[in-house]
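S.K.: Build me a structure from this.
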Amino acid sequence: MAIRPYAAARALRSVLLFAALALAAIGATADEIHVVSSGGFAEAYRQLAPGFEASTGHRLVSAWGPSMGKTPQAIPNRLERGEPIDVVIMVADSLDELVSRGRAGSATLLARSRIGMAVQAGAAKPDISTVEALRATLLAARSIAYSDSASGVFLSTVLFRRLGIEEQVRGKSTMVPAEPVGQVVARGDAQIGFQQISELLPVKGIEIVGPLPDDAQQVTAFSAGIVAGSAHQDAARALVDYLSSSSAAAIIRGTGLDPAREPAK
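M.R.: The predicted structure is shown next:
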């Protein structure tokens, strides 16, 4: 039986109305979540973000900055000037300080990271397999670069002093602000560079010599926190739960981190 024109038009209007209502419902439940991640968890976050967006409908607006330091990009400085941020991912100690000051809610552990050393691709790989070998490598190096975040602070204020070489390496060491250390090494501005292994892995033009030996190592924890006053608390909590879930473990491990939660066996 033929459909009369007015009936077809009415049916089309009904379909369009239903579609509009469905899109409105999705829009009503989907939020735009502003996230700032420090470099240590950045690659894991980049790989996990599409899955979260696809499964929830929320949209992530992402930015990057160190967990500490004086640069404008540093996460505490972003919060101080009132940037609209919902979730921060950063070194656990720095986040704990923000929590204690009421700038963020409770911290959720995501992963742990180790410090590694890199050289320019094709360059000789010095021995850092023991503390004594690491000490000799540092003394022999022409130039040394390290980050202005947790790993670099550890090297410059703790490790060099512990090794008894603080004065010997002072003049040839550079703390690198607001740039991956691997990039400095890749273009030849430093002979050796130190940063979280998860931050070195994505950089092209370098080779990772390995992690620091256990007796010279500092394991850094990375956590996520919901910023106080966020207008999207539920969506932010969903993101934190997603990043800390056991289903995220394989991707996190693949970026050079040890995930806080492992899948059930």
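S.K.: Only C-alpha atoms from now on, for both contacts and neighbour counts.
M.R.: Noted.
S.K.: Can you report how many residues neighbour residue 180?
M.R.: 21 (other C-alpha atoms under 10 Å).
S.K.: just residue 118 next, same as before
M.R.: Residue 118, neighbours per other C-alpha under 10 Å, totals 28.
S.K.: One more: the one 4 residues further on?
M.R.: When counting by other C-alpha under 10 Å, one arrives at 9 neighbours for residue 122.
S.K.: And the one 5 residues further on, by the same measure?
M.R.: Other residues near residue 127 come to 15 when the count uses other C-alpha under 10 Å.
S.K.: can I assume it is in contact with residue 135?
M.R.: No. Checked against C-alpha atoms under 8 Å, the pair residue 127 and residue 135 is beyond contact range at 9.6 Å.
S.K.: ok, now how distant is residue 256 from residue 115?
M.R.: Distance of residue 256 to residue 115, given as C-alpha to C-alpha, to the nearest Å: 10 Å.
S.K.: which neighbours do the two share?
M.R.: residue 197 (C-alpha atoms under 8 Å, 6 or more residues apart in numbering).
S.K.: any idea how far residue 52 is from residue 35?
M.R.: For residue 52 relative to residue 35 (C-alpha to C-alpha), the value is 13 Å.
S.K.: beta partners for residue 64?
M.R.: residue 37 (DSSP bridges).
S.K.: Tell me which residues touch it, please.
M.R.: Counted by C-alpha under 8 Å, 6+ apart, residue 64 has contacts 36, 37, 38, 39, 42, 73.
S.K.: In those, find the pair that's most separated.
M.R.: Across the contacts of residue 64, the longest distance by C-alpha to C-alpha is 14.1 Å; it joins 42 and 73.
S.K.: So, low pLDDT: which residues of the protein?
M.R.: 1-28, 264-265 (pLDDT under 70).
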